[in-house]
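J.: I would like the atomic coordinates for the input below:
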Amino acid sequence: MTPARIFVVEDDPDHLDSLCDLIAAVGHETVPFTSGAEALAAARQDPPALVLTDLRMPGMDGIALLSALVEAGCSAPVVLLTGHGDVSHAVQAMQLGAEDFLEKPYAAEHLLSVIARGLKTGRLKAEVARLQNRLAEQGDFIGDSRPIAELRARLRELAPLEIDVVVTGETGTGKELAARLLHHRGKRAEGPFVVVNCATLPDSGAEQVLFGTVDRPGLILQAAGGTLFLDQIESLSLALQPKLLRVLQIRMVDTPEGAQSVDFRCVTATTAPLREAIRDGRLREDLYYRIAGYELTLPALRQIPGDLAQLFEHFLAAAAARHGRDVPEVGFQDRKALQAHHWPGNLHELRLVAERHVLGLEQPRSRPEAGELGLGQNLRDLVANFEAQEIARVLDRCRGNTEAAARILGLPRRTLNDKIAKSPLLQHWRDTAR
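T.: Numbering: from 1, shown residues only. So this is what the prediction gives:
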C-alpha cells in the first residue's frame, strides 16, 4: 500500500478523532477539519489524495464542499458519510462527481476498502492526465527515442514553409497525423484539411470527385485556403495524374465559370518509396517531382523499441477513458513482450492490443504469437533482448555515435558493431549509427 494524505472533514470532534485514528492505523497521513470551509481553503493550497467528509455539517455541508472542490479544479476523489435517510442526497452527490458514499453505521473494514478504491481511482486519473499532458507537449508523436525526436523537430521546421511534402511510412506509422500537424502548425491552419484516399476513389466518377462538376465543387477546390491530403497517392489512376499535375503546377481548377485560382498545400502519403511506383509504371515521374518538395519518412515501431511502453500506456489510457475502465498496469513481462514483437501493423496493431487489454480480452504476452512476444523464451533469448534494449538506449543517448556508446557500455567498438549487426531489435541502428 502506498501511504496517502487524506483530508477528514467531520463536525463531531469525537467522530473526527476516531476516523483519523482508523485511517492512520493503516499507514495514511490524515489532516482533520471540523468545517468544510477550512478543508476547502487547505485543498486550494495543497490538494490531498482523497477527501472523506460528513454529509450533514453546519455551514458548508458535504455536497457544497464537493461542488466547491470541483469548481476549484481539485481532482481528489471525495467520499461522503451519510446518516439514515440521507441516501437521496448521497445520490445527488454521486451525480456531482463524488467517488462513493457510506451510510452510518458502517464497518471499519468497509470504510478502509472504499478509501483504498478511491485512492486507486485518483492515481489512475492522475496517470491519464499525465499521459494526456505529455501527448499535448510532444505534439502528438509520443516517444523519447532519437527517431521520434528528430521527426518532431522536422515537422516543426516544415510546417511554416511554403513547400509540398511526401510522407512515407508503413501502414499505421502515423502518416495522416503527420499531415495534420503540418496543417495545424502551418500558415493555413484556419483553412480546411481535406482528406482524399486515392485507393478508394471510384473507378467511374473519380474525376468528378476530385475536380468537381457543374453543380458541386470537387475536393481540390474544397481545400482552398487549407491543405489537400492525398493518401496512397501511388494508387491514383494514371488517367487522372496528368490533370492533377496541371492543377499542382498552376494552382487553378476548371469550373463552369472558367478557371478558378485555388491556394492550397499538398501533402501526399505512401506506404512505399514513390520511386518504386515510378519504376513499376504506377506513378508519373513528373508528378513525383511536383509533389515531392520534401520527403518525410516515418519510423516503424520495430525501429523505436524504447518508445513502445510509453506508446502502449498512452493507448491504454485512451481506451480506459473511452470504456470507463481502470488503466491496467504494464508489468515487466508485458514490456518485454511488447519489445519482442515485430508489430507489422504498427500503431494500428498496438492500439488494438491496448483496447483488448483494457477490456480484459487479451494480454500483451498472451497473444496468439506468444512465442514471438517473449512467452516461453529461454534465458539466452531474454538476456539477448535485454542487452539489445540497453544498447539501443545508450545509442539514443549518444545520438548514434558508436565510439561514445562503446565507451559507456565498456565494450570494444568492434564488439558493439557486431552486436548491432546481429540483433533484429537494433535494425534501425545498422544504417544510422556512426
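J.: Can you give me every residue that contacts residue 35?
T.: 9, 11, 57-60 (CB atoms under 8 Å, 6 or more residues apart in numbering). Backbone N, C-alpha and C define where each C-beta goes, glycine included.
J.: With residue 177 instead?
T.: Residue 177 neighbours (CB under 8 Å, 6+ apart): 140-141.
J.: Send me the strand or helix carrying residue 51 as CSV with only the CA atoms.
T.: Assigned by DSSP states H and E, residue 51 belongs to strand 50-54. This file holds the C-alpha atoms of strand 50-54, laid out as CSV (Å, rounded to 0.1, in the frame of the first residue of the first chain):
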residue,chain,number,x,y,z
LEU,A,50,-8.7,12.0,-1.1
VAL,A,51,-11.3,13.8,0.9
LEU,A,52,-13.5,11.9,3.4
THR,A,53,-16.4,14.2,4.6
ASP,A,54,-19.6,14.0,6.5
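J.: Using neighbour counts, pick out the buried residues of the helix or strand following that strand.
T.: Moving toward the C-terminus from strand 50-54, the next helix or strand (DSSP H and E) is helix 62-71. By 16 or more other CB atoms under 10 Å, the buried positions in helix 62-71 come out as 62-63, 65-66, 68-69.
J.: What average pLDDT does helix 62-71 get?
T.: Helix 62-71 comes out with an average pLDDT of 90.
J.: Skip ahead from that helix and say which helix or strand is next.
T.: Trace forward from helix 62-71 with DSSP H and E and the next one is strand 78-82.
J.: what bits of this protein have low per-residue confidence?
T.: 1, 84-87, 90, 127-139, 256, 362-382, 385, 396-399, 424-434 (pLDDT under 70).
J.: which one of the buried residues of helix 62-71 sits closest to residue 97?
T.: residue 66 (6.8 Å; CB to CB).
J.: Leaving out chain neighbours, which residue sits closest to that closest one?
T.: residue 78 (5.0 Å; CB to CB, 6 or more residues apart in numbering).
J.: what about the strands in the stretch 251-400 of the chain?
T.: With DSSP state E, counting those that start in this stretch, the ranges of strands along the stretch 251-400 of the chain come out as 252-255, 258-261, 265-270, 294-297.
J.: Just the residues contacting the longest one, thanks.
T.: Right, strand 265-270. 162, 164-169, 175-176, 179, 182-183, 186, 188, 226-234, 248, 277, 291.
J.: Kindly report the same for the second one.
T.: Applying CB under 8 Å, 6+ apart, the external contacts of strand 258-261 come out as 221, 251-254.
J.: where's the residue nearest the centre of the chain relative to residue 173, distance?
T.: The centroid of the chain falls nearest to residue 314 when counting by CA atoms, centre = their mean (4.2 Å). To residue 173, residue 314 is 15 Å away according to CB to CB, to the nearest Å.
J.: Check residue 236 too.
T.: Residue 236 is 21 Å from residue 173, by CB to CB.
J.: Perfect, that will be all.
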